[in-house]
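**Student:** please work out how this folds:
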Amino acid sequence: MAPFLDESLIDDADSIAARDTGQTLRALATAGAQVREAITLSGEAGIDRVQAMTVFVKVAEAGGFAGAARQLGMSAPSAATGPRPRPVRCRPTSGPSCST
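**Tutor:** Predicted structure coming up:
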C-alpha cells in the first residue's frame with residue numbers, strides 16, 4: 001500500500017514546516033542539489049571518476065548499456081567502453097592498507 005500524500009499541502013510552506021519538524025525534506029533537497037552540483041563541477045573539471053560511477057549506476061538501474069546510454073544522453077558504445085571505477089586491492093594486515 002502506497003503512503004497517502006495530500007497534494008494540497010505541497011504548495012503550502014507553512015503546512016510543510018509544521019509537519020516536517022526535523023527538516024528532513026529540506027535536508028534531502030539540499031543533499032540532492034549538492035550531488036547534482038558535484039557531478040556538474042567534476043564534469044567541467046574533467047574529472048571522469050564521478051561520470052564513470054554515474055554510468056555504472058545507470059547501467060545497473062536500466063539493466064543494460066543501451067538503456068543507460070539513452071537516460072544519460074550518450075551513445076551505447078560510450079557507456080559500454082567509458083572509464084570504470086578501478087577495483088580496490090587490500091592486503092590482510094592489522095591496519096589500513098588499501099590501494100587503488
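**Student:** output the contacting helices and strands for the helix or strand hosting Gly32.
**Tutor:** Here Gly32 sits within helix 24-44, counting by DSSP states H and E. Where contact means 3 or more Cβ pairs under 8 Å, 6 or more residues apart in numbering; DSSP states H and E, helix 24-44 is packed against helix 48-62. Heads up, the C-betas are built off the backbone N, CA and C, glycines and all.
**Student:** next, the angle helix 24-44 makes with the helix it packs on.
**Tutor:** 120 degrees (axes from the mean of the first three to the mean of the last three Cα atoms, to 10 degrees).
**Student:** on that earlier part again, and the helix holding Gly32, what's buried?
**Tutor:** For helix 24-44, a neighbour-count test (16 or more other Cβ atoms under 10 Å) marks Ser42 as buried.
**Student:** quick one: low-confidence parts of this structure?
**Tutor:** Along the chain, segments meeting pLDDT under 70 span 1-3, 46-48, 82-100.
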